[in-house]
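*Asks:* Here is a sequence with its predicted model. Questions after.
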Amino acid sequence: MADTSEKPPRHILSLSGGKDSAALAVYMRDRVSNMEYIFHDTAKELPDTYEYLEKLEAYLGQKIVRTTFGTTFDHLLRVKGGMLPSNHRRWCTEYMKLKPFEAYIGEAPCINYVGIRADEKRVGYISHKPNIKAVFPFIDDGIDYAGVLNILQGSGLGLPPFMAWGRSRSGCYFCFYQQKIEWVRMRRRYPHLYEEAKAYEKPNRTNGNTFYWCQDEPLVELEKPERMAEIERNWEKKQESLRSRPKNVPLISSLGGRPHEATEERACLICQL
Ligand code: SF4
């Protein structure tokens, strides 16, 4: 006999503040009535992200639950001896995004809606907890980049505001995945956040080495006017070469200055989808 005490699954859609997960929330709003929308807040997000999430809440008519893991980036950094995260040491994702996600879900059966598009090849974090089942509505329904844009335009939500000034992804303002052109743009747009990111680049307590967000270049060097101008010139040249590519290279490529797929595959899925 079937176990009638088994609870129906929760439906959970985690938002990154980026366009794909926002479009998925719009897409699912009238399809799943009891959806829970969550956002793993590192408290180091761009102001644009918080603004966009507020707009999305108004559209959904529902609160987006902010999850945190009861700690802060600065505390974790101290625990790590001052070792900044990087793509080889991505402790920030684990502690500030993945653990809050699993803690929020707990042990109850859950369907997790993931916004990977039909035109993407990327793979990302999918929880291996047996109670979590990931589903991919955009892949199932053939919704690609253009489809996501249509959904966002149709809803009146539009793209996340950071895309208007040339940042290609959501996530922490200091995210090490951003390209140098994006650092330059952030330096111009939010100089105080650039200053805060720069302040993290100091010798760590463990061995006295200094870690840099960009690995090979301190932010104090990158912000020199001649260096910023050089990065911008290089980016322009890259655009020239992109313009000679096939016409179906999506807009996001020109925002970050890198081929679309290469950029997206490097990215942190749970932070930036
Ligand atoms: S957005 Fe970047 S810095 Fe922030 S948690 Fe994700 S990978 Fe780490």
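*Replies:* That came through fine.
*Asks:* Just give the nearest non-adjacent residue to Leu152, would you?
*Replies:* Distances taken as Cβ to Cβ, 6 or more residues apart in numbering put Ala23 closest to Leu152, at 5.3 Å, once the chain neighbours are dropped. C-beta coordinates here come from the backbone N, C-alpha and C atoms, glycine included.
*Asks:* how about the residues of the stretch 1-150 of the chain near the ligand?
*Replies:* Selection of the stretch 1-150 of the chain residues close to the ligand by Cβ under 6 Å from any ligand atom yields 42, 85, 90, 92-93, 96-97.
*Asks:* make it 8 Å
*Replies:* Along the stretch 1-150 of the chain, the residues adjacent to the ligand under the rule Cβ under 8 Å from any ligand atom are 42, 44, 85, 87, 90, 92-93, 96-97.
*Asks:* Looking at these, which is nearest Ala58?
*Replies:* Proximity of those to Ala58 was ranked by Cβ to Cβ; the top entry is Thr42 with 22.9 Å.
*Asks:* So for the helix ranked longest in the chain, mean pLDDT?
*Replies:* If you go by DSSP state H, the chain has its longest helix at helix 225-243. Averaged over helix 225-243, pLDDT sits at 94.
*Asks:* Can you name the residues in contact with stretch 218-230?
*Replies:* The contact list for stretch 218-230 (Cβ atoms under 8 Å, 6 or more residues apart in numbering) reads 180, 183-184, 187, 194, 197-198, 201, 210, 212-214, 231.
*Asks:* For stretch 187-203, measure first residue to last.
*Replies:* 22 Å (Cα to Cα, to the nearest Å).
*Asks:* anything in that stretch sitting right up against the ligand?
*Replies:* No - taking Cβ under 8 Å from any ligand atom as the criterion, stretch 187-203 and the ligand are apart, separated by no less than 10.2 Å.
*Asks:* Residues contacting that stretch, please?
*Replies:* The set of residues external to stretch 187-203 that reach it, using Cβ under 8 Å, 6+ apart, is 46-47, 77, 82, 84, 165, 173-174, 183, 186, 209-213, 218-220, 222-223, 228.
*Asks:* which residue packs closest to Cys110, ignoring adjacent ones?
*Replies:* Of all residues not flanking Cys110 in the chain, Arg10 sits nearest, at 4.6 Å (Cβ to Cβ, 6+ apart).
*Asks:* what separates the residue in the stretch 101-250 of the chain that the ligand sits nearest to from Ala108, distance-wise?
*Replies:* Nearest residue of the stretch 101-250 of the chain to the ligand (Cβ to the nearest ligand atom) works out as Gly171 at 2.7 Å. Using Cβ to Cβ, to the nearest Å, one obtains 28 Å as the distance from Gly171 to Ala108.
*Asks:* With Pro100 instead?
*Replies:* From Pro100 to Ala108 the distance is 16 Å (Cβ to Cβ).
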